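Chemist: Predicted structure and sequence below. I'll ask about it afterward.
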Amino acid sequence: ARRSLLVSQPFLSARVQDQLSGRRLLPASIDEAGRIWAVDVGGSTPRVRVLSGEGSWARAPLSDFRGRLTAFRISVDGTRVAVVVARGKGQDSRGQLLLGRVVQRAEGLQVQAFRRIERTLADVRDVAWADASSLVVLGAQTGSVLEPTLVNINRTVTALSDSPAVDVTQVTAAPGLPVLVDTRGEGIWAESGSIWAPLVS
């Protein structure tokens with residue numbers, strides 16, 4: 001129901017160590033420092049929580065943020081976030097890709113200075129960090145279907161490869177690893193050498 005986030009350390013302990021409750025939690029992100037970033041979008045404004053090595057959840061406010069947040073991914077180095085913000089309602093809703101900066105202040109972490117880094121995609125639904133400077137985006141140009149696309153933070157947009165012949169609903173990626181997509185009814189697919197193949201049914 002996206003109301004609870006369970007955290008465990010599989011190489012240290014088999015038990016669940018932490019639990020975060022919310023109204024509607026987005027998928028969590030982890031940076032290279034081991035901090036876990038969780039976002040609750042069930043209220044009037046998104047609430048970001050960060051679990052550090054000290055073992056306590058801390059707030060990380062979004063500064064000057066507007067819009068309906070549908071995806072939130074922290075970069076591997078923990079200095080930036082890629083988000084998808086939905087504009088409009090119902091069938092007319094369209095997502096935009098924004099990039100924000102993580103700032104360490106005396107009172108804690110804050111996410112601010114959001115900016116749009118591409119304007120060729122008419123709709124964006126999901127995002128993941130492929131590496132330090134590139135994002136895998138599930139998006140569509142005007143009149144096209146949703147497909148994985150590579151977006152560099154310097155604002156260049158390129159096709160990832162031939163689109164998988166399935167209805168893609170979610171993307172995920174990591175440096176040095178194949179891009180994975182979830183699909184509607186066709187399982188999980190992976191990209192390898194510009195070829196898409198089913199991985200898990």
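Modeler: Alright, I've got the coordinates.

Chemist: Sort out which residues of stretch 149-166 are buried, please.
Modeler: Buried residues in stretch 149-166, defined by neighbour count with 16 or more other CB atoms under 10 Å: 149-151, 153, 157, 160-161, 163-164, 166. Yep, even glycine has a C-beta here, placed from its N, CA and C like the rest.

Chemist: Where is pLDDT lowest across those residues?
Modeler: For the buried residues of stretch 149-166, the weakest pLDDT value sits at residue 161, with 69.

Chemist: Give me the mean pLDDT for the helix or strand where residue 97 lies.
Modeler: For residue 97, the enclosing helix or strand under DSSP states H and E is strand 94-105. Across strand 94-105, pLDDT averages out at 93.

Chemist: beta partners for residue 171?
Modeler: Bridge pairing for residue 171 (DSSP bridges) gives the partners residue 181.

Chemist: repeat for residue 104
Modeler: Residue 104 has the following beta-bridge partners by DSSP bridges: residue 109.

Chemist: contacting residues around the worst-scoring helix or strand of the chain on mean pLDDT?
Modeler: When the helices and strands of the chain are compared on mean pLDDT, DSSP states H and E, strand 157-159 comes out lowest with a mean of 78. Residues from elsewhere that reach strand 157-159 (CB atoms under 8 Å, 6 or more residues apart in numbering): 118, 120-121, 149-152.

Chemist: can you rerun that using 6 Å?
Modeler: Under the contact criterion CB atoms under 6 Å, 6 or more residues apart in numbering, strand 157-159 has outside partners 118, 120, 150-151.

Chemist: got it, and stretch 186-201?
Modeler: 161, 164, 166, 178-182.

Chemist: Please apply the same query to stretch 103-111.
Modeler: Counting by CB under 6 Å, 6+ apart, 50, 58, 60-63, 81, 100, 102, 112 sit against stretch 103-111.

Chemist: ok, which stretches of the protein are helices?
Modeler: Applying DSSP state H to the chain gives no helices.

Chemist: residue ranges with poor pLDDT in it?
Modeler: Along the chain, the parts satisfying pLDDT under 70 run over 13, 17, 54, 90-92, 161.

Chemist: Just give me the residue closest to the centre of it.
Modeler: Most central in the chain under CA atoms, centre = their mean is residue 73, positioned 3.4 Å from the mean C-alpha point.

Chemist: Let me know the distance separating it from residue 39.
Modeler: As defined by CB to CB, to the nearest Å, residue 73 lies at a distance of 10 Å from residue 39.

Chemist: Kindly report the same for residue 63.
Modeler: With CB to CB as the criterion, residue 63 and residue 39 are 15 Å apart.

Chemist: Neighbour count: the two, which is higher?
Modeler: More neighbours surround residue 39 than the other of residue 63 and residue 39, with 26 against 13 (other CB atoms under 10 Å).
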